[in-house]
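Q: here are the coordinates; sequence isn't available:
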């Protein structure tokens, strides 16, 4: 009897332990599942937060829609195309390019399905602050999308641009993002890429037949000109005594033409310049030194210029003009507006004594995000527009501190 009772108690004990063990295992499994689910939720939340931050960063630059002339400028840039669907695209890219408008496409930051190899041909490495910011943005975007990017330096040189395109073709990359300043050379580059079947995007300067990403050139300087005309009018400058000097980087072809026309049209909205006081100065490429030399000569030849407005194709032109005005002691009655939004411009705008008053920003730090996103979408078989414009806005003394924080400028 005692043996039977002991046996029963032993069985009950074993069963209890088993049940408890199973329960513990189930609890442990549930804990692991909960931890895994929590980790997934945290990862998803982190991705959503990063995407939201990216959207906020883009929204930071967005302004009101451009004036009607913006459509005309795009038409000219793309060889007479009435709308985006008519932009000429090479046959091998056409199935995925230009079948949707830019309004139907948006950033979609995520890890690419494959580790695509993308070449980026930069305008120049280390020469201009603007180009450094664009390059840094490209590398940052490459990390976000999980793709491999290698840099080629076009050195602001047409022959080097051709040489780098040959390297891209020989390597057989998945995609080429090319920033090459010489508009005429891009015609030859387009033929080379089409023959090799290498998909590509032109940055700021069009590669004929390939999708384009860059600033709306007319509109960016239109904004700058509109602000400049309003500013000099508000401080009471005489229209007969004010001179308007525009420095034109002729190497950039139609891009330069559109920026020049945008600046002139923008100024005219709020200020009438005497035609005799309007001067266009042409440069092959607007470095600070080359511009300073040209403006130095103009100032020497025009001592009668009481008030001076200055604009140009890009930011270094404006900085070079500022250097010449400062050197000649004629900064007090001058107003310079740049184009770009690089750190040196921001520092000048923040200085109330500087003649450098404002600049349109063309979001150089976001170029990489847009271009890499377009490339990845294409390589994954998704539709992309033939033309995606960079966000554009104005930087003035009112908001310059916000942009200095954005770019980490002290």
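A: Looks like it came in fine. What you see is a predicted model; the values in this text were computed from it and never measured.

Q: quick one, phi psi at the residue lying closest to residue 270 once chain neighbours are set aside?
A: Nearest residue to residue 270, sequence neighbours excluded (Cβ to Cβ, 6 or more residues apart in numbering): residue 229, at 3.5 Å. For glycine as for every other residue, the C-beta is placed from the backbone atoms N, C-alpha and C. Residue 229 adopts backbone torsions of phi -60, psi -40, taken as degrees, to the nearest 10.

Q: so which residues of the stretch 251-400 of the chain form strands?
A: Ranges of strands within the stretch 251-400 of the chain are 278-283, 307-312, 334-337, 356-361, 387-389, 393-395, based on DSSP state E, counting those that start in this stretch.

Q: of all these, which one is nearest residue 168?
A: Nearest to residue 168 among those is strand 387-389 (21.3 Å), distances taken as Cβ to Cβ.

Q: ok, the closest one: who's next to it in the sheet?
A: For strand 387-389, the paired strands and their directions (DSSP bridges) are strand 212-214 (parallel).

Q: which residues sit against the strand it pairs with?
A: If you take Cβ atoms under 8 Å, 6 or more residues apart in numbering as the criterion, strand 212-214 is touched by 77-78, 201-206, 362, 367, 370-371, 374, 386-390.

Q: inside helices: which ones of the residues you listed?
A: If you go by DSSP state H, the contacts of strand 212-214 have 77, 367, 370, 371, 374 in helices.

Q: nearest to residue 94 among those residues?
A: Checking these against residue 94 by Cβ to Cβ gives residue 374 as the nearest, at 15.1 Å.

Q: so what's the residue count around that closest one?
A: As a burial measure, residue 374 scores 24 neighbours (other Cβ atoms under 10 Å).

Q: now do residue 272
A: 12.

Q: domain map for this protein?
A: Per the record, the chain has its domains at 90-214+365-390, 217-361, by automatic domain parsing.

Q: out of those, which comes closest to residue 400?
A: Using Cβ to Cβ, these put domain 217-361 closest to residue 400, at 4.6 Å.

Q: quick one: end-to-end length of the closest one, please.
A: 11 Å (Cα to Cα, to the nearest Å).

Q: one more: stretch 235-249?
A: Start-to-end span of stretch 235-249 (Cα to Cα) is 30 Å.

Q: for the residue minimising distance to the centre of the chain, report the pLDDT, please.
A: Note on the chain: the residue nearest the mean C-alpha position is residue 367, at 3.0 Å, using Cα atoms, centre = their mean. Looking at residue 367, its pLDDT stands at 92.

Q: pretty sure it contacts residue 134?
A: Yes. Counting by Cβ atoms under 8 Å, residue 367 touches residue 134, with 4.8 Å between them.

Q: could I get the strands of the stretch 251-400 of the chain as a markdown table with mean pLDDT, distance to residue 210 and mean neighbour count?
A: Conversion of the strands of the stretch 251-400 of the chain to a markdown table gives the following (pLDDT from 0 to 100; distance: least, Cβ to Cβ, whole Å; neighbours: other Cβ atoms under 10 Å):
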| stretch | mean pLDDT | distance to residue 210 | mean neighbour count |
| --- | --- | --- | --- |
| strand 278-283 | 95 | 27 | 16 |
| strand 307-312 | 98 | 27 | 27 |
| strand 334-337 | 98 | 31 | 27 |
| strand 356-361 | 95 | 25 | 27 |
| strand 387-389 | 90 | 11 | 21 |
| strand 393-395 | 92 | 27 | 21 |
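
Q: can you list the ones you listed in a markdown table and add distance to residue 254?
A: As requested, the strands of the stretch 251-400 of the chain are exported to a markdown table (distance: least, Cβ to Cβ, whole Å):
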| stretch | distance to residue 254 |
| --- | --- |
| strand 278-283 | 15 |
| strand 307-312 | 16 |
| strand 334-337 | 22 |
| strand 356-361 | 18 |
| strand 387-389 | 14 |
| strand 393-395 | 23 |
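
Q: and the ones you listed: which comes nearest residue 96?
A: When the strands of the stretch 251-400 of the chain are compared by Cβ to Cβ, strand 387-389 sits nearest residue 96, at 13.9 Å.

Q: now the helices for the chain?
A: Under DSSP H, the chain gives helices at 2-59, 69-77, 129-145, 158-171, 183-196, 217-234, 254-268, 288-301, 315-327, 343-350, 367-379, 400-407.
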